[in-house]
Structures are given as structure tokens and as C-alpha cells.
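Enquirer: structure for the following, please:
(2 chains)
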Amino acid sequence: MASKPADIGTLKELARHFRRDILETIAGAGSGHPGGSLSELEILITLYYYRMNHKPDQPDWPLRDRFILSKGHACPAAYVVLANRGYFPKEELKTFRRLGSRLQGHIYTAVPGVELNTGSLGQGLSVANGIALGARILNLHFNTYCLLGDGEIQEGSIWEAAMTASHHRIDNICAILDYNKVQENGPVSEIKNEEPLSDKWRAFGWHTIEVDGHDFNELIGAFDEFDTIKEKPTLIIANTVKGKGISFMEGQAKWHGKAPNKDELEAALKELGF
Amino acid sequence: MFDMKPTRDAFGETLLELGKENKNIVVLSGDLEDATRAEYFKKEIPERFFNLGIAEQDVIGTAAGMSMVGLVPFACSFAAFLTNRAYDFLRVSVCYNRRNVKIIGSHAGVTVGPDGATAQCLEDFAITRVLPNITVLYPMDAIEMKKATRAIAEIDGPVYMRLGRPPFPVITKDSDEFILGKANVMRAGKDVTVIACGLMVHEALQASNILAGEDIDVRVINMHTIKPVDSEAIIKSAQETGAIVTAEEHQMAGGLGSAVAEVVTRNSPVPMEMIAVNDSFGESGEPEELLKKYHLKDSDIAEAIRKVIKRKLRRG
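Expert: Residues are numbered from 1 along each chain as shown, chains lettered A, B, ... in the order given. The predicted model follows:
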């Protein structure tokens, strides 16, 4: 695929700026989901600045790679990446969660570049399979990427979709698991343990790749490996940190769905070097 | 007597015709293609047929995805499982996303028969018609089913269509007009209107014959489209006949009767009676036995008509 040479330093600098945008967007709204937005950010940057074939000035280009954010609550990071990538004016981030805004509280297709409204967990992988199978039927050559949350895969429907993807040998789909290990009310391991995670997905017929989900080199390597896997779907298990980059948010369930106040925002931006 | 034919057979035949005419039509099944007759399509066009196993949520989600590349998916299984079981996928991935997905639920109503309550879906109209963006319909016989199957393939948007299991009397004709959202008057009448769907249109026509001997002139309307319901036909009937009875193989709460009442009460209030299953699950039995037990027969409709006419006359 159209893998471009990636300057890791540039990507890291984007991540630092986007963390600021995410926190300001959520603080401005007074509500939202910072924890999962900060954990998934490097995955989104790798997709939109390195991996995917897409045209920000032509969001409906038929041969674009598709991206489905199945964990729809973590839309602030997606909105920030899309705005910075040129899909819509960055100024609009200030309208997040406001009445009349395209930037709904869970990801929404009125926003250019967004493929699917989600928010009810466990649905994105089935839809992504449908896109990928549809592309096969129509002989269209593009990839479908689907970002899942680790709490989300407690939904049984994810495993229905996991079986479908392997049974139908869908190899133009790459799911990424944002494995930040914390869900709304505490650690995943205490609420409903998912380990051994990689073994489970392999048993369901998937090729799995485990990476540090904040390390651009590892993410790029994983996506490049996905290109080489044929006749089976690929899952990238991205080990991440909930609230990554902000010391007082990291690993804390309470930052799953809470906006920083003025002082907390200021402290966070200071940590990011702003 | 009428010819008898299951509406699901007519659906399967038409789906295959459509599949041959339009390469964008794909069919998904929850391992019930034998029962829904989607297997006619599967046998001749296997490359566009997907049995995703007993996983209705996945069937609907995958169908939504296929529609996103321009395909026209028909997702087929039992009504109970596609609507009740997979409801949130229908709500979010299909309706909230306004996807061009056709959800086909067979084996609804007590006339499913011996399989009993779990398969006898009696809630599908209620829970589908509350969703924005969706079209809901229940064709009354095999000829109407052919037209309906073609009509839903033509429109762009979510559709839920109910199929029946047993043979239904074939009453409509090839030449009859079928327009989504437009009710068909099956029998003219001036004293009362029965608004029915599916098999109950037949029962209503028989009830009208019973009452002809009592000098009660019954109008019978086939409301094949439950949503958007034909408000104009309902208001016209309320004004012209002054009394309405609804008849459906569905729970009384939330179904066709409720849809009609929503229009009647807000526009032209007249006495109404509802023939429907009254807050009960079904059970095993032969279709005809069950129709009798749950008071869904022509004689029950006739009794409701006598009652509603008394109420109408009391109002003066």
C-alpha cells in the first residue's frame, strides 16, 4: 500500500500538539472521553499520516482505505486528527458536543472523513467486515481498518464478527485493539479478564501482532506486516496507557469520561510543554 | 376458494429474480435460509450469498458494512431474532446510520404454529416502527409480496419486512396497484372500517361477509405498510365510516392498532377496537387453533365490529 517514509520526529511532534487539541476540545465541551482518546492517538496518527490511502479534500473517494472507530466515545482524538489533516476547519473543534454541531459526542458521519456513527459498543467490527467483504465482491482494492477498545471486546458480538472474518478469510481488514487495560469502572483484569488475549484471537483464526501502541516505529512495523498476511484477518494488539502523556490521568479509570477543569487543563498543557 | 401460498416462497422467488437483474444485491442469512427461502438465491448465486451462522447481530452489522460500498444487502432470518435479538444493531448500525439494508423477518405471528412462543414474533412492528428512518411492511399475500420485494429494493434506506410461515390465501391480483405507504381498499363499505395487515386482511374480508347478513357494510383496508402509515386513508375512513377496527397478528401494544390510533386520536377521533394478541406470548399448536385461541379469527373481528358500531351509535 501507499506507505510513505515516516519521519518519526515529526509524528511525535504531531502527537504532542494533538494531545493539546484533544484536551482543549474536551475541556471546552465540559465533557467527553480523554482517557481512551489519549491512549489511541499514536494509532490514529500512524493511520492518517503514514498508513492509509485517503484524500482529505475528497472524503468520498471510492478507493480510499476505510477507518471505523468502533469505540465511538473516543472521538475527540479522531476529530482532532481529521481536522488537522484537513478534513474540516480546526476552528470547528470548539463546537464539540454543542447543540447543532456536527461534532457529536460519539463519532458521527456528518463530519467529513467519518465513515460510521458508533457509540454503542461492539458493532464496528461486523460493519468493517461487511465493507471488506463488499470490496471483495466488487473487486475494489482498499483496506479497512477498525479500532476496538479493550472494554468493548467484552461485547459478545465482537466475537461473532471475529469468527466471520476468519471464516471468510478476510485479509483486507486490520483491526487494532487499543489495549489500555482500564475501562469505565476500573482495570479490565479485575472487571472481566481478557487474557490470554493474543491466544484468544489466534484461536479465532486471526494473525496477531503485539506492539507498544505509543511507539511509531512498532506501529509502522505492524501495519507493514499486515500487508504480508494473506487469507486471514490481522489484529494489532496495541499496548497503550489510558490517559497517556498526562501524569495525573495515566492509568486512571476516573479519566475515562471526564473533562479536565481549567486548572487541570493548565497543568496538563504544561506537562506537554505548552 | 383462493389459491394458497406462503409469502416467504414469493419472497424467495422474487429475491432470486432481483439477484439476477441486479449484481449489487447480496443476501445474508443467520443459518435459516431454508426457512426464509433465501436459499433460492443461494443455490443460483452462491458468490453473493453469505450464511454468517447463528449470529444475528453480526448478520445485520455486516449487511450495514456491505451497503457502505454500494451493495444492496437483504439480511434474512426469523423475525424474532433479527428484531428482538439484534435490535441495537438495527437501531445504531442501520437506522441511525441510515444504511440501505433490507431486514427480512420470517416466521412472525402465532401462525408460525408448533414451534411455539420463542419463534412466534409478536413484537416486530412495535419495536421497528419506533426507529427513525425505517420503513416497515407486512405484505398480505404472495402476489403482494412479489411487488413489495421489488419495491423495497428500489428505495434507498432501512427496511424491515415481515414474512409469514404458512400458506396464505392469494387474494390480490397482479394488476393491483402497490405503492409503499399507500393503503389498498380491499372492500368498499360505509358503516365501519377494518384496517388490517398480513393474514388478518383475509380474516377481515370474511368478517365483512358474515356481517353483510346483518346489514353492516364493512370497509376493509390492507395496511401493508406499517410505517410510514397511510394517515390519509385512516383519516378518510374515520370521517366516512365513523368507526375503526384494527386487526393484526401482533401484540396489541405498539403495533398496527397503535399506529392507527396515533393518527385517529390526533386527527379525527372515532371509536376504535383492536384485534391483536393481548399481552401474552404464543404457544405450540396448529395455526388455525392458535388464531382461535388468541381471538384473531373472522368471528372475533365481527364481534369487535358489532361492539364498535354500538359505541359509534351511542355517540350519536
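Enquirer: list the buried residues for stretch A:82-95?
Expert: By neighbour count on 16 or more other CB atoms under 10 Å in any protein chain shown, the buried set for stretch A:82-95 is A:82-85, A:87-88, A:93. (Each C-beta comes from the backbone N, C-alpha and C, glycine too.)
Enquirer: just stretch A:235-248 next, same as before
Expert: Using 16+ other CB under 10 Å as the test for burial, stretch A:235-248 gives A:235-246.
Enquirer: low-scoring stretches of the chain, by residue?
Expert: Looking at chain A here, since you left the chain open. A:1-5 (pLDDT under 70).
Enquirer: let's do chain B instead
Expert: For chain B (pLDDT under 70), the answer is B:316.
Enquirer: for it, give the residue positioned nearest to chain A.
Expert: Closest to chain A within chain B is B:Gly65: 2.0 Å, counting by CB to the nearest CB.
Enquirer: for that residue, which non-adjacent residue is spatially closest?
Expert: Nearest residue to B:Gly65 in three dimensions, chain neighbours excluded: A:Gly130, at 2.0 Å (CB to CB, 6 or more residues apart in numbering or on different chains).
Enquirer: which residues does that neighbour contact?
Expert: By CB atoms under 8 Å, 6 or more residues apart in numbering or on different chains, the contact set of A:Gly130 is B:61-68, B:73.
Enquirer: A:Trp61: which of the residues you listed is nearest?
Expert: B:Met68 (13.7 Å; CB to CB).
Enquirer: for the closest one, which non-adjacent residue is spatially closest?
Expert: Nearest to B:Met68 is A:Ile131, by CB to CB, 6+ apart, at 5.3 Å.
Enquirer: now do the contacts for the one you found.
Expert: The contact partners of A:Ile131, by CB under 8 Å, 6+ apart, come to A:66, A:68, A:115, A:144, B:65-66, B:68-69.
Enquirer: got phi/psi on it?
Expert: Torsion angles at A:Ile131 (phi, psi; degrees, to the nearest 10) stand at phi -60, psi -50.
Enquirer: gap between it and A:Leu197?
Expert: Applying CB to CB, to the nearest Å, the value for A:Ile131 to A:Leu197 is 24 Å.
Enquirer: repeat that for A:Asp227.
Expert: Separation of A:Asp227 from A:Leu197 (CB to CB) stands at 23 Å.
Enquirer: sec struct for the residue in the stretch 1-150 of chain A positioned nearest to chain B, please.
Expert: Using CB to the nearest CB, A:Gly130 is the residue of the stretch 1-150 of chain A that sits closest to chain B, at 2.0 Å. Judged by DSSP: H, G, I helix; E, B strand; the rest coil, the three-state class of A:Gly130 is helix.
Enquirer: the stretch 151-300 of chain B: helices as residue ranges?
Expert: For the stretch 151-300 of chain B, the helices defined by DSSP state H, counting those that start in this stretch occupy B:199-212, B:231-241, B:256-267, B:287-293, B:298-315.
Enquirer: turn the ones you listed into a markdown table, columns for distance to B:Ile45.
Expert: Formatted as a markdown table, these follow (distance: least, CB to CB, whole Å):
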| stretch | distance to B:Ile45 |
| --- | --- |
| helix B:199-212 | 30 |
| helix B:231-241 | 38 |
| helix B:256-267 | 34 |
| helix B:287-293 | 32 |
| helix B:298-315 | 41 |
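Enquirer: comparing those, which comes out most buried?
Expert: Highest mean neighbour count among the helices of the stretch 151-300 of chain B (mean count of other CB atoms under 10 Å in any protein chain shown): helix B:199-212, with a mean of 23.
Enquirer: what's the angle between it and helix B:256-267?
Expert: Helix B:199-212 runs at 70 degrees relative to helix B:256-267, counting by axes from the mean of the first three to the mean of the last three CA atoms, to 10 degrees.
Enquirer: thinking again about what came up before, ok, the contacts of A:Ile131 vs A:Leu38, which is closest?
Expert: Among these, A:Ile68 lies closest to A:Leu38 (CB to CB), at 20.1 Å.
Enquirer: and that closest one, how many neighbours?
Expert: Neighbour count for A:Ile68, taken as other CB atoms under 10 Å in any protein chain shown: 28.
Enquirer: could you grab the helix/strand/coil label for it?
Expert: In three-state terms, and counting by three-state DSSP, A:Ile68 is strand.
Enquirer: just A:Leu269 next, same as before
Expert: Following three-state DSSP, A:Leu269 is assigned to helix.
Enquirer: how about it, what does it touch?
Expert: Taking CB under 8 Å, 6+ apart, we find A:Leu269 in contact with A:20, A:23-24.
Enquirer: those in helices, which ones?
Expert: Those of the contacts of A:Leu269 mapping onto helices are A:20, A:23-24, per DSSP state H.
Enquirer: and the residue nearest to the spatial centre of chain B, what is it in contact with?
Expert: By CA atoms, centre = their mean, chain B has its centre lying nearest to B:Tyr138, at 2.0 Å. Under the criterion of CB under 8 Å, 6+ apart, the contact partners of B:Tyr138 comprise B:108, B:125, B:161-162, B:197-198, B:224, B:226.
Enquirer: switch to 10 Å and redo it
Expert: Under the criterion of CB atoms under 10 Å, 6 or more residues apart in numbering or on different chains, the neighbours of B:Tyr138 are B:7, B:79, B:105, B:108-109, B:124-125, B:144-145, B:148, B:160-164, B:196-201, B:222-226, B:248-250, B:255-256.
Enquirer: same question, A:Leu125
Expert: Neighbour list for A:Leu125: A:68, A:70, A:146-148, A:152-153, A:155, A:157-162, A:164-165, A:173, A:175, A:233, A:235, B:58, B:61-62, B:65 [criterion: CB under 10 Å, 6+ apart].
Enquirer: returning to that earlier point: how much space between the residue nearest to B:Met68 and B:Leu71?
Expert: According to CB to CB, A:Ile131 and B:Leu71 sit 10 Å apart.
Enquirer: same check on A:Pro34?
Expert: 37 Å.
Enquirer: ok, which stretches of chain A are helices?
Expert: Taking DSSP H as the test, the helices found in chain A are A:8-29, A:34-46, A:75-84, A:124-137, A:156-167, A:188-191, A:197-203, A:216-228, A:262-271.
Enquirer: what residues sit buried inside the fifth one?
Expert: Which is helix A:156-167. For helix A:156-167, the neighbour count (16+ other CB under 10 Å) marks A:157-166 as buried.
Enquirer: now that helix and helix A:124-137, what's the angle there?
Expert: If you take the same axes, to 10 degrees, helix A:156-167 sits at 30 degrees to helix A:124-137.
Enquirer: before we move on, what about the third one?
Expert: Interaxial angle of helix A:75-84 relative to helix A:124-137 (the same axes, to 10 degrees): 40 degrees.
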